[in-house]
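Colleague: Okay, here's the prediction I keep looking at, along with the sequence it came from:
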Amino acid sequence: MRKHVNYIVLLVLIIIFPFLIKDNYTLTIGIFAGINSLVAMGLSLLMGYAGQVSLGQAGFYGIGAYVSAILALKFGVPVVLSAIVAALVSAFAAVLLAIPALKLKGHYLAVATLGFGEIIYIILNELGPGGPSGFGDIPQVSFMGYKMTGQISYFYLIWGIVFILIIFSYNIINSRIGRAMRAIHDTETGSSAMGVDVSALKIKIFILSAVYASIAGSFYAHYITFISPTTFSLFHSVLILTMVVIGGASNLFGAVVGAIIITVLPEALRKFEELDVLVYGLILTFSLLFIRKGIVPTLLQRLKKKGMANA
Amino acid sequence: MKGKGRSFWKYLVVGLAIAILAKVSFAKEPYKIGAIFAVTGAASFLGEPEKNTAILIMEQINKAGGINGHPLEIIIEDSKSQEADAVLAAKKLLEKDKVLAIVGPSTTGESMALVPIMNNAKTPLISCAAGYGITNPVSERYWIFKTPQHDLSAVQAIYNHMKKKGIKKVGIITISTGFGDAGRKALLDEAPKWGIEIVADERYGPKDSDMTTQLTKIKTSGAQAVINWSVGPGQVVVTKNWHDLKLGIPLYQSHGWGSKKNIELAGKAAEGVIAPLGRLVVWDKLPDNHPQKALLKKYETDYKERFKSEPGTFGGHAYDAIMMVVEALKKVGPDKSKIRDYIEKNIKNWPGTGGIFNMSEHDHCGLDMNAFEMVVVKNGDWEILKD
Amino acid sequence: MFTVLLQFILSGITVGAIYALVGLGFNIIYNATSIINLAQGEFVVMGGLIMWFFSQSLQLPFFTSIILTILLVGLIGLMMERLTINPLKNADLLLMIMITVAVSIVLRGILMFKFGKDPYSYPPFTEGEPIVILGAVIQQQVLWVLGITLTCIGLIFLFFNKTMLGKAMSACAVNPTAAKLVGINVSRMIMLSFILSAILGAIGGIAITPISLMEYDKGPSLAVKGFCAAIMGGLGNGMGAVVGGFIIGILESLTAGYIHSGFKDAVALVILLGILFFKPAGLFGSKATLSVRKF
């Protein structure tokens, strides 16, 4: 029941936001927050529920953007279809990487995913259309001949996807697979002794996280209409990781809250000009020091305590 | 840490004081221009001097009474060298600050990402990036202008010099960023027209420490000269490696070479390096009647005095872009569409730091290869090549 | 043809030496805490830039500058540990690694503020023409970097294997609780490991700046390469990091020479991944240690 309340609150927030915010600039920040939320949710599933770290999410984000953009621009594939094909390509790449990589542990896994992300980046840089300069004139999103141009429609589209995928993810988490997933996080040996096929599960989650990042990348490409490799470098993977850790890896809503905070923060810090990097770093340091479990889990804990005290 | 905090508050107080004074001394509404520069991130070598230049011009103009009595307000935003951030910055400037025109961004990718936004917002953009596609095709770039010379013009200047020297086989080495890539494409496209064959095409990353492998490969390819296209530390490392390997063939650099700092860092290895440079770095060697000389001298001296560093060619791009908008504001007032028309129709024979501009409805850049001088490093200083 | 190959290898050794020296720095903190300090690259950058400040800007003598630089960067390492790592006692390892990312952002911000965005350099330790070996050339400074790297490995080896302090330090990572039980001051060991790592980073920065120049934002790329070197050799293994560094450097150079320079980093990474898939604990790491440690 509590969960349904969460969904409804989120849905209402999504629907009323564009009515409260009239200007395009804030709406655009909202759209970017949605894009980042999607990538962060994928990573959160991987980290919070399967106990695996990835520093290669930007690679899948890049595959989603490039494959979809190239298909739509050079081959005239309808935009939604191109994003689906891109997601399949990402899923395939995720399988190729996951089979050997998920045998690795801790730092070694981090480096393997980091290496994957860097390889994708180099491929985009060397072989992508336009090379390091990138390319533009990417078609915008269109449904059955109707071309989406308004900011509000993009806002609803990305947050609609986020909303649906949150419900989808929670269904997985609460299913039999999900319970097994949490078992992986707790102890791997234990869960395999219980008859859980740990490695197949890990691969499934890894694919899911890649697909989320890929969808976000496709959306980004068709929204901005210009892409270049720099957007998909290691820095973006680290940024996504930061979102998940700040928001709280043990909760999907944490990824969304983290993504919103990390997207809005640099915009809020614009008035600091040159000092913004420093202030940003300090805020990050302090929030990691003082909100160790992440914002959402910490808040939930507080609420629970309060609820008990009131009762 | 404490000292830094205190100086921040000091700046804030001084800033507020200036703002209040400005409100008092200027009766009229300020003219607002937006500026988007890559102040941080990979292209900060561009954004830093551009930002400083904007501050310099704003201070000078407001000290002299503003534009027809209106103070000039340039709102500078950092694009962090990323397209997405440039888009956010542009939307902020257009929607929140309601600027009359935007100057920048610093890189070609960021500028390209802004083209649809500016066309939608019907607001002029004067880009500080060199890519040919920013202003071409002009029919689809109604609101877009740019001040840097096309990369192509720098390439033509180099090939023109090579042709005179009888160099036919060339090895190129470029940095794997947007800047190097744009140069590489122009080098490859333009070579056949000058009877030049590219015998080696090498690359390196922006943070690489050693390029002797690539240079050795160029040497074995039978090249008669090597062209390096990059900015930042890479061009110094290439110069040092070229010197160490004693390649025995001349080294040409791109127009990004135009900073004394590079000569300092490369030391005696820089001797003999040739590059096409805008006249800003060699203004003191120009004849007195040169139409750009007075302007270049003033800009460079003022900048050095204010910021204790060199503006370089890149700061000059911002200077030209802002001055075009300022002149238009002076003549036609705060009307976006009239500002655009003024820049297209009236910037003719207009001396800027980058060259003599001639804008038209067919050309939103207005410069050609004559904007460059071929310059060689000699005894730790620049020297204009006469032949 | 042989000269060309030799030149490629010498070029590979040049960059490999840089990666090795940076990679070494990761191992000390890892050996004491299992943390990967992602601000290690910033220690290297600070080494180069602060050395420039003392030796060029203040014109202090060479050795004085080196000692001051090492002390200052060591102090920053100490502050980093006391202010950010120490308060997080017993927290999730990932959180500690993230906080090193946050610290690296703060350090970059400070460096940008103090030094601006220009690259810096100073003359090599010994002036003079590069050394010619059978027609191929190598900078004198590279020999300095090699010498310093080897000396550092020797000292680290002696420290961790022959001194009580070193043995106590490595006990902390493997099992902090047991270490505490036998009377080791774990907190102080971790602090010491950060100081040592910072110093090692500073030495690296001082040595490589004349070759590669140094600017405020070079840290992440140096850290990534050094990290890959350390991983390839097997985390925690000093000699492993050095061998890993040279393998990556030489691979990059040979790829640039014989395949294409645009793909040099990619080929090196593919081979790194290949090695990890067959030897999940790196070239010199043992699976046994891997299973004892969580990270």
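Modeller: Everything's here; your move. Residues are numbered from 1 along each chain as shown, chains lettered A, B, ... in the order given.
Colleague: Report how many residues lie close to residue B:305.
Modeller: 9 (other C-beta atoms under 10 Å in any protein chain shown). In this view, the C-beta of every residue, glycine as well, is placed from N, C-alpha and C.
Colleague: Looks to me like it is in a helix.
Modeller: Yes. Under DSSP: H, G, I helix; E, B strand; the rest coil, residue B:305 sits within a helix.
Colleague: gap between it and chain A?
Modeller: Going from residue B:305 to chain A by C-beta to the nearest C-beta, to the nearest Å gives 20 Å.
Colleague: How about residue 102, nearest residue that isn't a chain neighbour?
Modeller: Unless you meant another one, I'm taking chain A. residue A:202 (4.8 Å; C-beta to C-beta, 6 or more residues apart in numbering or on different chains).
Colleague: that's the wrong chain, I meant chain B
Modeller: residue B:34 (4.2 Å).
Colleague: just to revisit the earlier point, does the residue nearest to residue A:102 touch residue A:52 like I think?
Modeller: Yes. Counting by C-beta atoms under 8 Å, residue A:52 is a contact partner of residue A:202 at 6.5 Å.
Colleague: Have a look at these two and say which one is more surrounded.
Modeller: Taking neighbours as other C-beta under 10 Å, residue A:202 and residue A:52 compare with residue A:52 leading, 25 against 21.
Colleague: quick one: contacts for the closest residue to the more buried one other than its chain neighbours?
Modeller: Leaving out its chain neighbours, the residue that sits closest to residue A:52 by C-beta to C-beta, 6+ apart is residue A:46, at 5.1 Å. Contact analysis of residue A:46 by C-beta atoms under 8 Å, 6 or more residues apart in numbering or on different chains lists A:52-54, A:205-206, A:209.
Colleague: ok, residue A:46 to chain B distance?
Modeller: Per C-beta to the nearest C-beta, residue A:46 is found 24 Å from chain B.
Colleague: That residue in helix, strand or coil?
Modeller: helix.
Colleague: So for it, what's the pLDDT?
Modeller: Note for residue A:46: predicted pLDDT of 90.
Colleague: One more: the one 5 residues further on?
Modeller: Residue A:51 is assigned a predicted lDDT (pLDDT) of 80.
Colleague: list the residues that contact both of residue A:202 and residue A:52?
Modeller: With C-beta under 8 Å, 6+ apart as the test, residue A:202 and residue A:52 both reach residue A:102.
Colleague: which SS class is residue B:357?
Modeller: Residue B:357 ends up strand, using three-state DSSP.
Colleague: residues contacting it?
Modeller: Residue B:357 makes contacts with B:147, B:320, B:324, B:347-351, B:366-367, as judged by C-beta under 8 Å, 6+ apart.
Colleague: Could you do residue B:171 as well?
Modeller: B:198-202, B:217-219, B:221, B:223, B:225-227.
Colleague: that's a helix at it, yeah?
Modeller: No. Per three-state DSSP, residue B:171 lies outside any helix segment and is strand.
Colleague: So in terms of bridging, what pairs with it?
Modeller: When bridges are called by DSSP bridges, residue B:171 pairs up with residue B:200, residue B:226.
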